[in-house]
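**Q** Fold the following, please.
(chains A and B)
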Amino acid sequence: MTRTTRDIALGLGLVLVVLLLFAASLALGPVSLRPGALVDALLGKGETASILIMQQIRLPRAILAVAIGAGLGMSGAALQGLLRNPLADPAVIGVSTMAGLGAVLVFYSGLVVMAPVVLPLAAMLGALVDIILLFLLCGRHGGTLSLILAGAGINSLGASLTALALNLAPSPFAVAELVFWLLGSLTDRSMEHVWLAVPLILLGLVLLSRTGRALDALLLGDQVAESLGVSVGRTRAIIVIGTALAVGPGVAVAGAIGFVGLAVPHLLRPLIGHRPSRLLIPSAFGGAALVLGADLLVRVIPTASELKLGVVTSLLGAPLFLALLLRLRRQGEAHA
Amino acid sequence: MLEAIDIVARAGQALLLDEVSFRAAPGDIIGIVGPNGAGKSTLLRILAGLALPASGRVQLDGTTLSTLSRRERARKIAFLPQGGLAESAVTVRQIVALGRLPHGGRGHDAIAIDRALDAVGIVQLADRAMTSLSGGEQARTLLARALAVEAPYLLADEPTASLDPRHQIDLMECLRIRAAAGTSVIIILHDLSLAARYCRQLVLLARGRIAACGPPETLLEPALLESVYGIPFIASKIGVIPAVLPGTTP
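**A** Residues are numbered from 1 along each chain as shown, chains lettered A, B, ... in the order given. A predicted model of the protein is given here:
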């Protein structure tokens, strides 16, 4: 197979996997519906109960899984390219921690009872604060290293404030609620959550997808990229803002979902190659597939208390990632 | 014509470059030589438009360089920094293809890439991963990337540093062919014999100032070199090839 036909086959394969998992996500639930009834209910025909189940419960859940996974996957690929570091993921710039902190503060203060929308809004505010802090700390001419260091600083600040909130929480129930929320879940999310999060995630994906050429040029370092006409500072800003948009709203409506951003680009590189521009869009699909798959497992695996999505993505992603590392090491030894 | 006019550069209080002026015409190979810390790399970055001088300006074909758009500048000036090996497993061809980014997919990209691969003699490595190459092969790939821009000006910072003698000569021959075709080459070198052999003009920098500037034969005087480098030199010719050798420290 030539390079291009292989790429097309791979692209179609990824799209197909996402579509299948999406359909499975719609089909799966305590109430089993025939495929015909599923489609009817989606389109608003048939029994009222079925329509409600499909349009109000299963569809938002599936859409959020796709959007959140896509945001995590693509921002992971973009950050690994920008920082030229295979260990980079959206967590590096602190956006998940700060969005989590925003949510924790409204839980803690009791503001969460005012209206359901307060929680995601506070989380998004947390993501915004993260971006503002990053730009204040790095300035206009801050380099890659200052971005990593600022991210690390904000991460530990956010984590310690979250720990403080847990420490001072008024009751053990509040602590449990906070911790469970932070583990991530898509259970009982509504179309309001979709409208709140998905447009922003899409905007983030569009921003990130436009950085491919610049990321390719950055393979040879900042100076060569600049000499090739790329504004490295602008690229950095776009990726930071794009990541906040692609990841922050996801944390806001579903809590922290780990490992997707780190693992997906690594899983795809052996198939796609190492050019950062070619990884961006496949990583969005790969992330969507991983989160959809994990969310299916959450529903299929019977456990006493609800299995949390963030736990499952890590449980799924980590062994895959470790297997990949082992395979790469063996290949390395074969070369040497 | 690429012209440095009264370039001054500072880092905080320290003066890195002090009123440096010279010009490079099409077909020139200009060697920038001088001790470590003389300001060579700073000067090259300013000439490439990657850094702005504190005062003075760079003129490119009569236009002030800083007024050009990024892309226009990128098409005119190819820049090859010191070192900078790729840590990623991208292929050689993909790296060389980066040289075509300023052209935005227009023109004859595939031809330019093949030409660049051929010019440095790495056609057979085109599909290999960068991480599987030797240091010398990587250095040649990076040179091919700079050649693939096909810019009228090529600026290179110590491109021979990691190469064995044969590949040093190959690289300089490659640049000579480019210059003969009309490219203006400005190159930082530490090997004075190599600089004398291949450069039409040399710029000798010392502590941010031009200590001397001119054809190699007028410049590579042992007394002048000793005053700049602080050690004695022997300058001679072996056949037609100039040889400039550092002597023992007194």
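
**Q** Please make it C-alpha for all contacts and neighbour counts, starting now.
**A** Will do.

**Q** Run through the residues of chain A sitting next to chain B.
**A** Residues of chain A lying close to chain B (C-alpha under 8 Å from any C-alpha of the partner chain) are A:213, A:216-217, A:219-221, A:223-224, A:226-231, A:273-275, A:335.

**Q** Out of the residues you listed, name the ones that lie in helices.
**A** A:Arg213, A:Asp216, A:Ala217, A:Gly221, A:Gln223, A:Val224, A:Glu226, A:Ser227, A:His335 (DSSP state H).

**Q** Which among these count as buried?
**A** With burial judged by 16 or more other C-alpha atoms under 10 Å in any protein chain shown, the buried subset of those is A:Arg213, A:Asp216, A:Ala217, A:Gly221, A:Gln223, A:Val224, A:Glu226, A:Ser227.

**Q** How about the contacts made by A:Val310?
**A** One correction, residue A:310 is Gly, not Val. Neighbour list for A:Gly310: A:Leu183, A:Gly184, A:Ser185, A:Gly255, A:Ala256, A:Ile257, A:Gly258 [criterion: C-alpha atoms under 8 Å, 6 or more residues apart in numbering or on different chains].

**Q** Please enumerate the helices of the stretch 201-336 of chain A.
**A** A:212-217, A:221-227, A:232-254, A:260-272, A:276-300, A:309-335 (DSSP state H, counting those that start in this stretch).

**Q** Going by mean pLDDT, which of these comes out lowest?
**A** The weakest mean pLDDT among these belongs to helix A:309-335, with a mean of 77.

**Q** Pull out the buried positions in it.
**A** Buried positions in helix A:309-335, judged by neighbour count with 16+ other C-alpha under 10 Å: A:Leu309, A:Gly310, A:Val311, A:Val312, A:Thr313, A:Ser314, A:Leu316, A:Gly317, A:Ala318, A:Phe321, A:Leu324.

**Q** Now do that helix and helix A:276-300, the angle between them.
**A** Counting by axes from the mean of the first three to the mean of the last three C-alpha atoms, to 10 degrees, helix A:309-335 lies at 130 degrees to helix A:276-300.

**Q** chain center to helix A:309-335: distance?
**A** Computed by C-alpha atoms, centre = their mean, to the nearest Å, the separation of helix A:309-335 from the middle of its chain amounts to 19 Å.

**Q** now do stretch B:126-137
**A** 22 Å.

**Q** measure it end to end?
**A** 11 Å (C-alpha to C-alpha, to the nearest Å).

**Q** list the buried ones in that stretch?
**A** B:Ala126, B:Ala129, B:Met130, B:Thr131, B:Gly136, B:Glu137.

**Q** repeat for stretch A:196-215
**A** Across stretch A:196-215, burial judged by 16+ other C-alpha under 10 Å covers A:196-198, A:200-202, A:204-205, A:207-209, A:211-215.

**Q** Stretch B:142-162 now?
**A** B:142-160.

**Q** for that stretch, what is the average pLDDT?
**A** Throughout stretch B:142-162, pLDDT has a mean value of 93.

**Q** how about it against chain A, any contact?
**A** No: looking at stretch B:142-162 against chain A by C-alpha under 8 Å from any C-alpha, there are no contacts, and the closest approach is 8.5 Å.

**Q** now that stretch, how far from the chain's geometric center?
**A** With C-alpha atoms, centre = their mean, you get 7 Å for stretch B:142-162.

**Q** still on that earlier bit, is it possible to export the helices of the stretch 201-336 of chain A to TSV including distance to A:Leu83?
**A** Shown next, in TSV, are the helices of the stretch 201-336 of chain A (distance: least, C-alpha to C-alpha, whole Å):
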stretch	distance to A:Leu83
helix A:212-217	9
helix A:221-227	10
helix A:232-254	9
helix A:260-272	13
helix A:276-300	11
helix A:309-335	20
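
**Q** any idea which helix or strand carries B:Ile234?
**A** Secondary structure assigned from DSSP states H and E places B:Ile234 in strand B:233-238.

**Q** Return the list of strands paired to the helix or strand just after that strand, each annotated with direction.
**A** As assigned by DSSP H and E, the chain's next helix or strand after strand B:233-238 is strand B:241-246. For strand B:241-246, the pairing partners within the sheet under DSSP bridges are strand B:233-238 (antiparallel).

**Q** mean confidence for the partner strand?
**A** 86.

**Q** what sits against B:Arg100?
**A** Counting by C-alpha under 8 Å, 6+ apart, B:Arg100 touches B:Asp109, B:Ile113, B:Ala148, B:Val149.

**Q** per-residue confidence for B:Thr248?
**A** At B:Thr248, pLDDT is 64.

**Q** Out of the buried residues of stretch B:126-137, which comes closest to chain A?
**A** B:Ala129 (9.3 Å; C-alpha to the nearest C-alpha).

**Q** so the closest one makes contact with B:Arg93?
**A** No: the pair B:Ala129 / B:Arg93 is not scored as a contact, 9.1 Å apart, by C-alpha atoms under 8 Å.

**Q** So which of the buried residues of stretch B:142-162 sit within strands?
**A** The strands, defined by DSSP state E, take in B:Tyr153, B:Leu154, B:Leu155, B:Ala156, B:Asp157 from these.

**Q** count of neighbours near A:Leu111?
**A** Neighbourhood size, A:Leu111 [other C-alpha atoms under 10 Å in any protein chain shown]: 15.

**Q** With B:Ser132 as the reference, measure out to B:Val96.
**A** Per C-alpha to C-alpha, B:Val96 is found 16 Å from B:Ser132.

**Q** Just the residues contacting the longest helix along chain B, thanks.
**A** The longest helix of chain B (DSSP H) is helix B:165-180. Under the criterion C-alpha under 8 Å, 6+ apart, residues B:Pro26, B:Gly27, B:Asp28, B:Ile29, B:Ala119, B:Val120, B:Gly136, B:Arg140, B:Thr160, B:Val185, B:Tyr198 lie in contact with helix B:165-180.

**Q** between the residues you listed, which is nearest chain A?
**A** Nearest to chain A among the contacts of helix B:165-180: B:Arg140, at 13.7 Å, using C-alpha to the nearest C-alpha.

**Q** leaving aside the residues next to it on the chain, what's closest to residue 24?
**A** With no chain named, the answer covers chain A. When the adjacent residues along the chain are set aside, A:Ala24 lies closest to A:Leu296, with 7.8 Å between them (C-alpha to C-alpha, 6 or more residues apart in numbering or on different chains).

**Q** right idea, wrong chain: chain B
**A** That would be B:Leu2: by C-alpha to C-alpha, 6+ apart, it lies 5.2 Å from B:Ala24.

**Q** Specify the beta-bridge partners of the one you found.
**A** B:Ala24, B:Leu60.

**Q** now do B:Arg10
**A** Note on B:Arg10: beta-bridge partners by DSSP bridges are B:Leu15.

**Q** Now for A:Leu292: which residues touch it?
**A** A:Val18, A:Leu21, A:Phe22, A:Ser25, A:Ala62, A:Ala65, A:Val66, A:Gly69.
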